[in-house]
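**Student:** Sequence plus the predicted model coming up.
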Amino acid sequence: METRIFSNKDIEEAARILKTGGLVAFPTETVYGLGGNGLDKEAARKIYAAKGRPSDNPLILHVSKMEEVIPLVESVPEKAKLLMDSFWPGPLTLILKKSAIVPLESTGGLDTVALRCPDNALTLELIEKAGLPIAGPSANLSGSPSPTEASHVYHDLAGRIEGILDDGAVGIGVESTILDMSTERPTLLRPGAITLEDLTEVLGEKPDIDPTLLGKSMEDGFVPKAPGMKYRHYAPKAEMILFRTLEHKGAESKVRESMAKYLEEERGDSFQKKIAILCAEETKPLYQEMAEKKNIRLKILGRREDPLSMTHNLFRILRECDEEGINLILSESYPEEGVGFALMNRMKKAAGQKIILIK
Ligand code: TXA
Ligand code: MG
């Protein structure tokens with residue numbers, strides 16, 4: 001099939017495709033989604049096939065306003081309402097008990113459903129015109145980094161979907177925060193741009209955190225509650241290693257020294273490899289000489305002081321590394337506070353949890 005590129009003038013046509021069972025990728029403030037009719041099990045099946053995704057991994061249903069949630073769930077608890085009022089449209093996904101009209105094919109067989117109202121004008125209009133909740137996982141092939149530009153979607157899914165609604169590069173660059181509100185206590189399943197601090201302020205208490213987000217591993221019997229979080233996600237083709245110090249401030253040059261030592265001692269042969277170093281604007285000068293001497297690419301994630309500037313670029317840079325044939329990525333680490341929690345969660349996944357701790 002030919003994959004068409006749609007602009008704001010084609011929303012009617014894109015909505016028609018969704019209504020008649022086709023797939024259209026859509027922009028959001030986080031990453032691009034791969035959309036289909038959220039109430040149609042056949043559309044769900046097509047989404048899994050297009051992504052090459054295991055079908056036990058449930059989809060998020062996207063709505064254009066809070067009222068559209070009501071028929072999709074058993075009930076909306078007061079606290080969930082409060083969160084929707086505070087953060088929708090925005091990068092927060094809530095898990096609630098599903099109603100009978102949501103097919104089990106969309107929820108990976110679970111009796112709960114993930115709901116989100118994305119902050120993108122074109123997509124809100126698309127949902128309204130389609131008159132449906134739009135099921136949408138990130139619009140990448142399963143296992144590769146989520147798409148932050150329409151060209152990434154095209155690269156992964158051309159020929160597999162009917163169209164892509166193009167709205168340029170997204171803002172945030174990592175997927176939404178997921179909060180489980182179907183349990184006794186609100187539980188964070190995936191960190192995102194709505195931070196723990198933001199949630200705590202509205203809920204009046206700190207949500208629980210899925211233990212796997214705090215370093216408890218599946219080998220120790222901890223399975224993440226969001227099924228999608230158990231896969232080696234967001235991964236570039238290259239081997240990626242994170243270098244971290246216990247204290248971040250003042251330890252920047254220690255990180256550089258440790259990378260240099262690693263390359264010389266452990267990887268005597270690896271200078272034949274194509275290597276990239278991921279660092280921040282502030283630390284770039286520390287690496288320049290080493291990069292020139294050893295023919296290493298320097299990739300600037302963003303500003304250390306502003307983790308959102310780094311989430312914005314992360315997945316694009318990982319894709320760039322793939323395209324340039326990079327096979328080893330060495331990266332700095334950043335504090336896991338605020339949005340830094342989401343940034344480091346994705347970076348650790350990209351690295352397959354390979355971290356060198358510097359004393
Ligand atoms: O920002 C986002 O959330 C993007 C945009 C397109 O909205 N979407 C996204 O979808 O990241 P996806 O499918 O790549 O990730 C959804 C995550 C998966 O880890 C999935 O396992 C989890 O949400 N999830 C979905 N429904 C769930 C449920 N009922 N219970 C627990 N986890 C659920
Ligand atoms: Mg995804």
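**Tutor:** Received, thanks. For clarity, every value in this text was computed on a predicted model and none was experimentally measured. Numbers count the residues shown, from 1 in each chain. Ligands and ions are numbered 1, 2, ... in the order given.

**Student:** okay, now the residue in the stretch 101-250 of the chain that ligand 1 sits nearest to: neighbour count?
**Tutor:** Ligand 1 sits closest to G228 of the stretch 101-250 of the chain, with a gap of 2.2 Å, by Cβ to the nearest ligand atom. C-beta coordinates here come from the backbone N, C-alpha and C atoms, glycine included. Number of residues near G228 (other Cβ atoms under 10 Å) recorded here: 23.

**Student:** gap between the closest residue in space to it that isn't next to it in sequence and T187?
**Tutor:** Spatially, and ignoring its direct neighbours in sequence, G228 is nearest to N57 (4.8 Å; Cβ to Cβ, 6 or more residues apart in numbering). To T187, N57 is 18 Å away according to Cβ to Cβ, to the nearest Å.

**Student:** quick one: which of those two has more around it?
**Tutor:** Of the pair N57 and T187, T187 is the one with more neighbours under other Cβ under 10 Å, namely 20 against 17.

**Student:** what is that one paired to in the beta sheet?
**Tutor:** D180, D208 (DSSP bridges).

**Student:** list the contacts for the residue of the stretch 101-250 of the chain closest to ligand 1?
**Tutor:** By Cβ atoms under 8 Å, 6 or more residues apart in numbering, the contact list for G228 reads N57, P58, P137.

**Student:** Which strand or helix spans the residue lying closest to E125 once chain neighbours are set aside?
**Tutor:** By the measure of Cβ to Cβ, 6+ apart, the closest residue to E125 outside its immediate chain neighbours is I11, 5.3 Å from it. Under the criterion of DSSP states H and E, I11 resides in helix 11-19.

**Student:** who in this protein is up against ligand 1?
**Tutor:** Counting by Cβ under 6 Å from any ligand atom, the chain comes close to ligand 1 at 28, 30-31, 33, 57-60, 93, 95, 107, 110, 112-114, 116, 118, 136-138, 175-176, 178, 189, 225-229.

**Student:** Mind checking what secondary structure the residue of the stretch 101-250 of the chain closest to ligand 1 has?
**Tutor:** Assigned by DSSP: H, G, I helix; E, B strand; the rest coil, the conformation of G228 is helix.

**Student:** quick one: it and A342, what's the gap?
**Tutor:** For G228 relative to A342 (Cβ to Cβ), the value is 15 Å.

**Student:** before we move on, what about E74?
**Tutor:** For E74, the distance to A342 - Cβ to Cβ - is 29 Å.

**Student:** Please say which of those two ends up with more neighbours.
**Tutor:** Neighbours per residue (other Cβ under 10 Å) separate E74 from A342, with A342 holding more: 30 against 14.

**Student:** all strands for the stretch 51-200 of the chain, in order.
**Tutor:** Assigned strands in the stretch 51-200 of the chain, in chain order: 60-62, 92-97, 112-116, 134-135, 163-165, 177-180, 187-190 (criterion: DSSP state E, counting those that start in this stretch).

**Student:** pLDDT score assigned to the residue of the stretch 101-250 of the chain closest to ligand 1?
**Tutor:** For G228, the model assigns a pLDDT of 74.

**Student:** Repeat that for G108.
**Tutor:** As predicted, G108 sits at a pLDDT of 92.

**Student:** residues in contact with it?
**Tutor:** With Cβ under 8 Å, 6+ apart, G108 has these contacts: S55, D56, N57, P58, L59, P227.

**Student:** Distance of the fifth one relative to S258?
**Tutor:** Same thing as L59. Distance, L59 to S258, using Cβ to Cβ: 41 Å.
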